[in-house]
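Chemist: Got a sequence here, can you model it:
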Amino acid sequence: MSYQSKNLSVLAYANGFTLWHYTSADTAATLDSAGYFNAAADMLRVGDIIVANVETGGTMKAGLFLVSSNASGVVDVDDMTGIGGTDTD
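Modeler: Numbering: from 1, shown residues only. Model prediction:
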């Protein structure tokens, strides 16, 4: 799949920082590929954080992506830092 602008929304904004939410059936590895978020280059800034729900079509995962670079319209985010763990109950 590819980036879907309708799935990116602002959760909070302050002091030049934006906290985003994004949801996708794509894997975390797909999202952290350089260029996945290029269509949002005019909105995303280095240091912004994206809270994401990924693999929504299967066993959903959640995590955080840090926008690590945005230059000449090419956006890169760091690998996802997962949220949550194993539910043993």
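Chemist: Break down this protein into its helices, ranges please.
Modeler: For the chain, the helices defined by DSSP state H cover 28-31.
Chemist: Just give the number of residues close to V54.
Modeler: By the criterion of other Cβ atoms under 10 Å, V54 has 24 neighbours. All C-beta atoms are positioned from the backbone trio N, CA, C, and that covers glycine.
Chemist: what residues are up against it?
Modeler: By Cβ atoms under 8 Å, 6 or more residues apart in numbering, the contact list for V54 reads 23-28, 31, 60-63, 80.
Chemist: For PyMOL, write the selection for the buried entries among these.
Modeler: Under the burial definition 16 or more other Cβ atoms under 10 Å, those of those that qualify are selected in PyMOL by:
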select buried, resi 23+24+26+28+31+61+63+80
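Chemist: what's the lowest-pLDDT member of the contacts of V54?
Modeler: Checking pLDDT across these, the minimum falls on M60 at 88.
Chemist: What separation is there between that one and V46?
Modeler: Shown here: M60 relative to V46, a distance of 28 Å by Cβ to Cβ, to the nearest Å.
Chemist: Next one: D76 relative to T56, how far apart?
Modeler: In terms of Cβ to Cβ, D76 sits 23 Å off from T56.
Chemist: quick one: which of these two has more around it?
Modeler: Per other Cβ under 10 Å, whichever of D76 and T56 has more neighbours is D76, with 19 against 14.
Chemist: pretty sure that one is in contact with S69, am I right?
Modeler: Yes: here D76 reaches S69: they are 4.6 Å apart, a contact under Cβ atoms under 8 Å.
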